[in-house]
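A.B. asks: dropping a prediction and its sequence here:
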Amino acid sequence: MDIAMQVAPTDLSVLITGESGTGKEVFPQIIHQLSSKKHGPYIAVNCGAIPEGTIDSELFGHEKGSFTGAHEARKGYFEVANGGTIFLDEVAEMPIATQARLLRVLESGEFIKVGSSKVLKTNVRVIAATNVNILQAIEKGKFREDLYYRLNTVPIVIPPLRERKQDIFLMFRKFAADFAAKYRMPVIKLNAEAEALLTNYYWHGNVRQLKNITEQISVIEKSRDINAETLLKYLPQQTSSLPMVVKGDGSTSEFSERDILYKVLFDMKKDLTDLKKIVVDLIENDNGLNQDFQPENEQIIKKLYQDVGTPETTIRLGYGGGNTTVKPKITSVSEDIQDHEIVVEQQPLSLQELEVDMIKKALAKHKGKRKSAARELGISERTLYRKINEYKLDL
Ligand SMILES: Nc1ncnc2c1ncn2[C@@H]1O[C@H](COP(=O)(O)OP(=O)(O)OP(=O)(O)O)[C@@H](O)[C@H]1O
Ligand SMILES: [Mg+2]
């Protein structure tokens, strides 16, 4: 806020970064309101939502007949916003060719409409925002380095909500008051334990999530006095399958991520051990797995027996006749399966691969409906749209 207020009266470009839902769309409005251009127009453009083919024309305008369907000449946002502020949201999504045009406007105030050769001038304050790591985008050749330095004259990094805990209860009260007025109901109130729970929650979706949850509780709960138990119903578990661990002396609730992770890992290990035990049982009793094993399964079966504690030498694999099938004959299997150390060999998945995987699954589950998929993933529809483009998932 301090940086925003200091930079507002200057005409410098500002680049706002921060996680999804932190309030990147709020700051440009504050800067505009406190700037010398406050009486001029304020135009917010979501670069991630404009198709690549039309973005130049949207931003810089076009001449009549410059492309099929251009029946009339059209002013672009940079011309319309003359004397005001233009907010380029999701700027990392801007195509490289458009980035070159933007750089020119930033450096000289000059631009050329699509299909024209006439150089026009505009006096616009540019504020940009992104929740993408632009330095990575530069490395991948998706973002011009010179444009980054030009836009980033003054960087504003909005910290995630969990790193500004003092804001959480304050914002909750503000939202609660707003929703009470909107729905004409008394304001909801948290007791001390619920307040501690709210303050120590992780808030993956940041302010957006806090606002949504405050609205849900305001609308759904009959009692206006909200305790921790009630609040907990509205706080999603941190990731889809993570159990929630609540610690503390009763007056405060505290989440330890390490505890949660340990619990998940132990649960996973136990599940895996149980699963392997079942498979071993099935193989031993020839039960349900009565069919012949393919040779490629031999390695898997050997590994399985190693994992559950049977020395490989005790497994005798006999090849059936001249054909290619393998039938395992097991002479002994360790009883002590539960306590055996299991090493799960798995290709390490990068966060990005996990993300792609989750998005694909959510889209498949909701039959391509982005709204429902985004809700399931706990991200905004726009963020999902951007990620689909980024990972080229829109096949
Ligand atoms: N300081 C704030 N005061 C009041 N409301 C806020 C504040 N910060 C954010 N919000 C609200 O939180 C919601 C999310 O904010 P915003 O749309 O600016 O997020 P964002 O950072 O642009 O997220 P994304 O990267 O997903 O687009 C909005 O409804 C916004 O009004
Ligand atoms: Mg946004």
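C.D. replies: Sure thing, it's come through. Residues are numbered from 1 along each chain as shown. Ligands and ions are numbered 1, 2, ... in the order given.

A.B. asks: could you list the low-pLDDT ranges of the stretch 51-200 of the chain?
C.D. replies: Filtered on pLDDT under 70, the stretch 51-200 of the chain yields no residues whatsoever.

A.B. asks: go again with 90.
C.D. replies: Applying pLDDT under 90 to the stretch 51-200 of the chain picks out residues 53, 64-73, 131-133, 153.

A.B. asks: up against ligand 1, what does this structure have?
C.D. replies: 18, 20-26, 131, 207-208, 211, 380, 382-383 (C-beta under 6 Å from any ligand atom). Where C-beta positions appear, they are placed from N, C-alpha and C, glycine not excepted.

A.B. asks: rerun at 5 Å
C.D. replies: Applying C-beta under 5 Å from any ligand atom, one finds that the chain approaches ligand 1 through Ser20, Gly21, Thr22, Gly23, Lys24, Glu25, Val26, Asn131, Val207, Arg208, Ser380, Thr383.

A.B. asks: in three-state terms, label the last one for me.
C.D. replies: Three-state secondary structure (criterion: DSSP: H, G, I helix; E, B strand; the rest coil) places Thr383 in helix.

A.B. asks: now do the nearest residue to it once chain neighbours are set aside, the pLDDT please.
C.D. replies: Nearest residue to Thr383, sequence neighbours excluded (C-beta to C-beta, 6 or more residues apart in numbering): Ser20, at 5.1 Å. Model confidence at Ser20, given as pLDDT, is 94.

A.B. asks: repeat for Gly309
C.D. replies: 55.

A.B. asks: and if you look at Leu275?
C.D. replies: Confidence score, pLDDT, at Leu275: 82.

A.B. asks: tell me the buried residues in stretch 35-44?
C.D. replies: Buried positions in stretch 35-44, judged by neighbour count with 16 or more other C-beta atoms under 10 Å: Ser35, Lys37, Gly40, Tyr42, Ile43, Ala44.

A.B. asks: so what touches it?
C.D. replies: 8-9, 11, 25, 28-29, 32, 77, 80-87, 89, 125 (C-beta atoms under 8 Å, 6 or more residues apart in numbering).

A.B. asks: which ones among those residues lie within strands?
C.D. replies: Of the positions in these, Thr85, Ile86, Phe87, Asp89, Arg125 sit in strands, assigned by DSSP state E.

A.B. asks: any of the contacts of stretch 35-44 buried? List them.
C.D. replies: Counted by 16+ other C-beta under 10 Å, the contacts of stretch 35-44 give 8, 28, 32, 77, 80-82, 84-87, 89, 125 as buried.

A.B. asks: SS state for the spatially closest residue to Pro155 that is not a sequence neighbour?
C.D. replies: Excluding its sequence neighbours, the residue lying closest to Pro155 (C-beta to C-beta, 6+ apart) is Leu15, at 5.3 Å. Each residue gets one of three states, and Leu15 gets strand by three-state DSSP.

A.B. asks: partner residues bridging Leu15?
C.D. replies: Ala128, Pro155 (DSSP bridges).

A.B. asks: surely it meets Ala129?
C.D. replies: Yes. The criterion here is C-beta atoms under 8 Å, and Leu15 meets it with Ala129 at 7.3 Å.

A.B. asks: joint contacts of those two?
C.D. replies: Val91.

A.B. asks: so between these two, which is more surrounded?
C.D. replies: Ala129 (27 against 22; other C-beta atoms under 10 Å).

A.B. asks: wait, the more buried one sits on Asp89?
C.D. replies: Yes. Using C-beta under 8 Å, Ala129 is in contact with Asp89, at 5.2 Å.
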